[in-house]
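Asker: model this:
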Amino acid sequence: MIGAEAFLAEHGVAIPADGPDSARHARADRRSADDNVLSDRPVSVGRSVSTGRRGFAEPLTCVDSDKRGRAARPSVGDGADGPDLDACREAALRLLDAAPRASGALRTRLLDKGYADGIVDEVIERLTRVQLLDDEAYARSAVRYCAGRMMGRRGTVMELVRKGVSRSMAERVCAEAESNGVFEESAWELGRSVARKTRGLEPQTRKRRFWGAGGRKGHNPETLRAVAAELFT
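Answerer: I've put the predicted structure just below:
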């Protein structure tokens with residue numbers, strides 16, 4: 001059986017001598033060891049992982065999240081020249097991903113975001129060149145949508161212009177649709193819808209409601225007159 005003193009000596013541990021000086025040195029050694037341990041321990045805020053108790057630690061210097069974001073990602077509006085071309089193009093692509101748009105509507109949105117006129121025009125020209133923007137295809141799709149809502153030519157032209165299609169293109173596409181009977185069919189569909197909803201009412205009341213609906217949807221009066229004569233007399 002090895003003794004305690006022999007064990008400590010074998011492992012290189014000094015055996016303190018008795019007396020106050022040795023005790024004082026031992027306490028100093030323990031404090032030094034504790035300081036070394038604390039200095040190696042990472043600074044933490046909150047609860048201790050090992051004990052679960054809230055402890056004391058040096059305060060951390062916090063960086064405001066907004067400032068950190070601004071430092072990592074400069075604003076597209078920074079700089080003397082304003083927003084750059086790449087940022088404007090990315091903004092345009094995000095808008096087109098969200099919903100189809102005519103070039104006029106896209107231009108308005110980009111200008112509202114603070115991009116310069118020249119940069120916006122260049123981005124729109126490039127997107128049109130690679131067919132990511134196609135006002136005519138958008139206008140034809142919008143005509144089909146308006147016809148599905150039982151709208152007439154006048155109402156459809158107004159809707160296309162409101163959506164950013166040029167008036168000349170809106171007039172041309174709607175004239176083509178009218179020549180194919182699109183708006184006449186939508187007028188008849190509107191008449192049948194009003195007739196179903198007003199069944200049992202006085203003929204004049206039914207006709208008045210049909211005329212009101214047809215006017216709001218922008219139908220040709222001649223077409224409305226023909227439909228009314230057939231369905232409400």
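
Asker: only C-alpha atoms for contact and neighbour calcs from this point on.
Answerer: Fine.

Asker: got any ranges where this protein has weak pLDDT?
Answerer: Along the chain, segments meeting pLDDT under 70 span 1-83.

Asker: That one - how does it break down into domains?
Answerer: Following automatic domain parsing, one finds the domains of the chain at 81-129, 135-231.

Asker: Just say which of those domains is most tucked in.
Answerer: Most buried of the domains of the chain, by mean neighbour count (mean count of other CA atoms under 10 Å): domain 135-231, with a mean of 18.

Asker: Would you mind measuring the gap between the ends of that one?
Answerer: Domain 135-231 has an end-to-end distance of 38 Å (CA to CA, to the nearest Å).

Asker: Check stretch 128-144 too.
Answerer: Start-to-end, stretch 128-144 (CA to CA) is 22 Å.

Asker: Identify the residues contacting that stretch?
Answerer: 100-103, 124, 127, 156, 160, 165, 169-170, 173-174, 177 (CA atoms under 8 Å, 6 or more residues apart in numbering).

Asker: Show me those residues that map onto strands.
Answerer: Among the contacts of stretch 128-144, the subset assigned to strands under DSSP state E is empty.

Asker: So which of those residues is the closest to residue 150?
Answerer: Closest approach between the contacts of stretch 128-144 and residue 150, by CA to CA: residue 156, at 9.7 Å.

Asker: Dihedrals phi and psi, residue 216?
Answerer: Note on residue 216: its backbone torsions stand at phi -60, psi -30 [degrees, to the nearest 10].

Asker: do you know how far it is from residue 119?
Answerer: Distance from residue 216 to residue 119, by CA to CA: 39 Å.

Asker: Please apply the same query to residue 173.
Answerer: For residue 173 relative to residue 119 (CA to CA), the value is 29 Å.

Asker: Residue 185 too?
Answerer: From residue 185 to residue 119 the distance is 43 Å (CA to CA).

Asker: in which helix or strand would I find residue 228?
Answerer: helix 221-231 (DSSP states H and E).

Asker: now residue 145
Answerer: Using DSSP H and E, residue 145 falls in helix 135-148.

Asker: And for residue 194?
Answerer: helix 182-197.

Asker: Need the residues that contact that helix.
Answerer: 147-153, 177-178, 206, 209-210, 213-214, 219, 223-224, 227-228, 231-232.
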